[in-house]
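1. sequence isn't available, so here's the structure alone:
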C-alpha cells in the first residue's frame, strides 16, 4: 500500500490526533534517548486502547507493513528505534495510560502498557502496597516497555525481574487479534506460559497492551549501609553472610569499584564519600522489613561481624533518611557521571555469583595487557551476578577508532563471559545493539528454537524487524 | 517400523537393562498411581543420561513413534500414562538420578530430571541451603516431573511454583537434539524465555533431562499456629493482616473447612484437633525466618491481634516441634482421609484471593440446591487463591452415576470459576483429566497460540499425544 493511503486509513482508526506525521513531532520517536540510533518513519500511530492497537495491527497485517512498538523510548539497546528505510510504522503506547484496577486483597494491579513505571509504583503506594520494579528511568519508562524488555534494576535481588512481577498480559498479536491473558492468579497450570514468552520478546512476537502486576506488602522500616572492601571475593562472601543472617530482608547489594566512585565524586555535584579512606571496592547494602523493630540491631550486628571478619575494611550505617538518600545518590549518579566523563564501551553482563571474582580478575588482567590506557568502570548488582563492566575511552576518540575499540573490547569481554557460562545481556536486552553478538554466542539449537517460535507467531516477520533475532 | 525392530534398535541405544518389556515390569508404568488411567506400551525405555535420551528421541523421530515421558508417575491428571493402543513408547527418566552440581555461593543446584524431589531438598540441606518446593509426593515424584507439570504445593505463597524455582533447563527436543539451557543466572535477557515455556508443557514440547534450581538461605526459626474462624472472609482478611505485619516470613497459610477436618479426624489414626471447639474454618499458618529471635513474639502478637479483632475465634500456637508436626499432619492427612472416605469429584481451582469468599458462597449455595446429599470437602492454599474443592460421593456409587455426577459437578464448579476469572487447573496440570475442560474454557485465541507453538516445536505430534492440548 502507498504511504498516503496507509496514513488515511490509520487516521480513520486512531484519529488525526493519534498520528504524528511531521518531522519535528517525530524527532523524539525516531531517535533513541542515548542518541546512538537514528531511524525514520512515515507515521507514528498512537492508539488509545487495545481495540485501536488491534485495528492498527490488522491494517499492518493486511498491508504487510512492519511495525516498531515503542513505550517510553528509554531502552539501552535500540530496540524501539525504526530502521532508516521509512517503511516501518512506529506504534507508540504512550496514550494508553489507564490504571485499570488495583486489588489490594489479591495484591495485584492491572495497568495499560503506557503507564509510567513511577505511576505504577505510586498507585501501589496509594493502596498501601509496594511495586518493587525500580530503575533509573522510572520517571519516563513505561510498564509495557519494562515488560517487553524484562527490565531488571536494583530490586531484582529480592523481587526478581519484570517477568517475575507480572501474572498476566493482554497482547495484540501480529494479525491484530487480542489475546486476553489478564489473569491475576498465583497458580494456573492450564497450558504453555505465554505470559513469560511475550515478556522479554522485545516486541518481536506481539504488542503488550496491558498487564496484571504483583504487589507486595509495604516495608515499614529500612536500614542502609555503605562499606569499603579490599577485594571482590570479600564482597561476595559478605553477600552470602548477609543472606544467611538477614534472609529476604536484604533488598539491595550494589557494588562499585574505586574508579567508579571517583568518577561519581568528580562529576556529580554534591556527591561525597560516606567513608574517610579509599577502598578498592564499595558496596551499598540495604535491609527492609514489614516489622521494623529489630532492623537497626540486625544491621549493626551484620556490619559489625563483617568488620570483625575483615570482609569490610570500613562501614557507615545511615543514621537517617538523608544519609541513606546520599548513599543511593552515589549509586544513581553513575550513569550521569559516565556521560559527563565521555565515551565508554559498555557491557551489561551476568555471571554465576560464584564466578564473578574470577571474571573480574581475568578480564582485568586481559584488558590491562591489551588496552593499558583505558580505565575500567565496574559496578553492578552483585547479588544478581550482574556487572556493568564499562571501559572509558579518551574523550576525543575518533569514530573509526571508537568502532575498532568497541569491537575489540566486546570480543574480549564477551568471550570471557561465555567461557564462564554467563550472559552477554543481563538486563538491557538485545535490541539492535547485541543482535550480532547474540548470534555469535547462542548455540545453533537455541537460535533455532527461537526462530521456530518467531516464525510460528509472526510468519510475515512484521513485528520489530531487525531487533533481537 | 515394526515393534520387534524398534525394540532391537532401542536395545542398542540404552542396553538390555534399559528396557522394560514384560507386562509385570511394565505394570507400574502403564497405570497411574490413582488407578484412574490405564494404558499399554510395547516398551518402556529408561535412558541413563541426556545423550541416551537424545538417541532414543532421534529413533522415535525417524520412525514417527509417539513418546510419553514419565518421571515418578505421581501426577494427578494422567499426564504420564500412555493410551491403550500400545503404539506409544514410555520414556522413563527414573535412571537419571545424578545431582550434577551444588553451588552454595551462587545458590543453585543442578540435577538430572530423575532425581527425587526429596533428594533435591536433602542435597540443598546438606549444603546449608533450602530448596522450597514441597508437596505430598516429594518422596516419590521427580524434579523433572515437577518441572514438566509446574508443580505447586505448600510453599508457593512465599517461593512460587516450580517454574519460579528453576533458572535453566536441559531439554531433548522432539527431533533428538539437545538444548543446553543449563544457566545459573539471575538475569539473562538474551531472547525468548524457553525455560518457562518448557516448564508446565507436560512433555508435549520436549523432554526435560536436567535443571538448574534456585536455592535459598536455610531458615533458623519457625513458628506454627492453628486457628479457627467463623467465615472464609475472616481468613482472607487475616491473610492480608499477616502479610502486612510479617511480610515474607509468612510461608504457609493453609485452610480447611470443618467437614474437611472431621474427615481427617475420622480417618487418620492419631489425628486430634489442636482446638477444643468446632469452627466453620481452620487455618494452619507458619512464619519462618533466618533470624529467629523475634519470631515467637511476632507470632504471639499476630495471633493476639487476630483474636482481638475477631478474625479468629480461637488459636493455638505450637509450643514445640512435636506440636507443629501434629498440626501439619492434619493438613497432610487430607489426601489419605479422602481416599479412605470413598470416591470424590475433585476440583483443583484458583481464583483471585479477593474472590475466594464469593466463589465459596456461590458454589456452596448452588451445590446445596442441586446436590443436597453430597458433602463438600474444601481445603487449600488460600494465599495462592488455590482451593481443592472436592465433593464426596456415596461409597457405593455406580460407574454411570459417577460419570454423570462428575460431569455435572465439573460444569457447575468450573462455570463459576470461569465467571470469576479463575483457573480450572491451579497446580495439578491438564494431562488427560482436564483436556476437554480446557478446550471449553480457554479462548480460541489462546488455544490457537498454544497450537502454533506446539506445531512449531513438534510438527509430527510425537510428544505425549492426547495430553494437555
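-> Yes, it's here. Owing to the predicted nature of the structure, the values given are computational and were not obtained by experimental measurement. Residues are numbered from 1 along each chain as shown, chains lettered A, B, ... in the order given.
2. report how many residues lie close to the residue of the stretch 1-150 of chain A found nearest chain B.
-> Going by Cβ to the nearest Cβ, chain B is nearest to residue A:105 of the stretch 1-150 of chain A, at 3.9 Å. C-beta: built from backbone N, CA, C; applies to glycine. Neighbours of residue A:105 under the rule other Cβ atoms under 10 Å in any protein chain shown: 16.
3. how close does the residue nearest the centre of chain A sit to residue A:381?
-> Compute the mean C-alpha point of chain A, and by Cα atoms, centre = their mean the closest residue is residue A:151, 3.4 Å away. Distance from residue A:151 to residue A:381, counting by Cβ to Cβ, to the nearest Å: 12 Å.
4. show me where the stretch 351-469 of chain A has its strands.
-> For the stretch 351-469 of chain A, the strands defined by DSSP state E, counting those that start in this stretch cover A:376-381, A:386-392.
5. of those, which is nearest chain B?
-> Among these, the nearest to chain B by Cβ to the nearest Cβ is strand A:386-392 (4.9 Å).
6. which of the residues in whichever strand or helix holds residue A:8 are buried?
-> Counting by DSSP states H and E, the element that carries residue A:8 is helix A:3-14. For helix A:3-14, burial by neighbour count (16 or more other Cβ atoms under 10 Å in any protein chain shown) applies to A:6, A:7, A:10, A:11, A:13, A:14.
7. what do you get for stretch A:414-424?
-> In stretch A:414-424, counting by 16+ other Cβ under 10 Å, buried: A:414, A:416, A:417, A:418, A:420, A:421, A:422, A:423, A:424.
8. quick one, phi psi at residue A:253?
-> phi -150, psi 90 (degrees, to the nearest 10).
9. verify the contact between it and residue A:285 for me.
-> Yes: taking Cβ atoms under 8 Å as the definition, residue A:253 is a contact partner of residue A:285 at 4.9 Å.
10. okay, these two: which has more neighbours?
-> Taking other Cβ under 10 Å, residue A:253 and residue A:285 do not tie; residue A:285 has more neighbours (30 against 22).
11. packing partners of the helix or strand the more buried one falls within?
-> Using DSSP H and E, the element containing residue A:285 is strand A:281-289. Helices and strands touching strand A:281-289, by 3 or more Cβ pairs under 8 Å, 6 or more residues apart in numbering or on different chains; DSSP states H and E, are strand A:221-229, helix A:232-246, strand A:250-257, helix A:258-267, helix A:295-308, helix A:321-332.
12. returning to what we had before: the strands of the stretch 351-469 of chain A into CSV, with extra columns for mean neighbour count and mean pLDDT?
-> Output for the strands of the stretch 351-469 of chain A, formatted as CSV (neighbours: other Cβ atoms under 10 Å in any protein chain shown; pLDDT from 0 to 100):
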stretch, mean neighbour count, mean pLDDT
strand A:376-381, 24, 95
strand A:386-392, 25, 96
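13. ok, which of the ones you listed comes nearest residue B:358?
-> strand A:376-381 (41.3 Å; Cβ to Cβ).
14. name every strand pairing with the closest one and say which way it goes.
-> Applying DSSP bridges, strand A:376-381 is found paired with strand A:250-257 (antiparallel), strand A:386-392 (antiparallel).
15. now it: how far from the chain's centre is it?
-> Offset of strand A:376-381 from its chain centre (Cα atoms, centre = their mean, to the nearest Å): 15 Å.
16. so what touches it?
-> When contacts are defined by Cβ atoms under 8 Å, 6 or more residues apart in numbering or on different chains, strand A:376-381 is touched by residues A:152, A:154, A:156-157, A:253-257, A:259-260, A:263, A:331, A:334, A:338, A:344, A:360, A:363-364, A:367, A:386-392, B:187.
17. what do you get if the cut-off is 6 Å, keeping everything else the same?
-> A:255, A:256, A:257, A:259, A:260, A:334, A:386, A:387, A:388, A:389, A:390, A:391 (Cβ atoms under 6 Å, 6 or more residues apart in numbering or on different chains).
18. could you chop chain A up by domain?
-> Split into domains by the TED database, chain A comes to A:3-92, A:99-217, A:221-337, A:342-420.
19. which SS class is residue A:171?
-> When classified by DSSP: H, G, I helix; E, B strand; the rest coil, residue A:171 comes out as strand.
20. circling back to that earlier point, what two of the buried residues of helix A:3-14 are the furthest from one another?
-> By the measure Cβ to Cβ, A:6 and A:14 form the most distant pair in the buried residues of helix A:3-14, at 12.4 Å.
21. hang on, isn't residue A:117 packed against residue A:138?
-> Yes: applying Cβ atoms under 6 Å, one finds residue A:117 in contact with residue A:138, separated by 4.3 Å.
22. these two: who's more crowded?
-> residue A:117 (28 against 19).
23. could I get the contacting residues of the residue nearest to the centre of chain A?
-> residue A:162.
24. figure out which of the domains of chain A is closest to residue B:28.
-> Of the domains of chain A, nearest to residue B:28 by Cβ to Cβ is domain A:99-217, at 24.7 Å.
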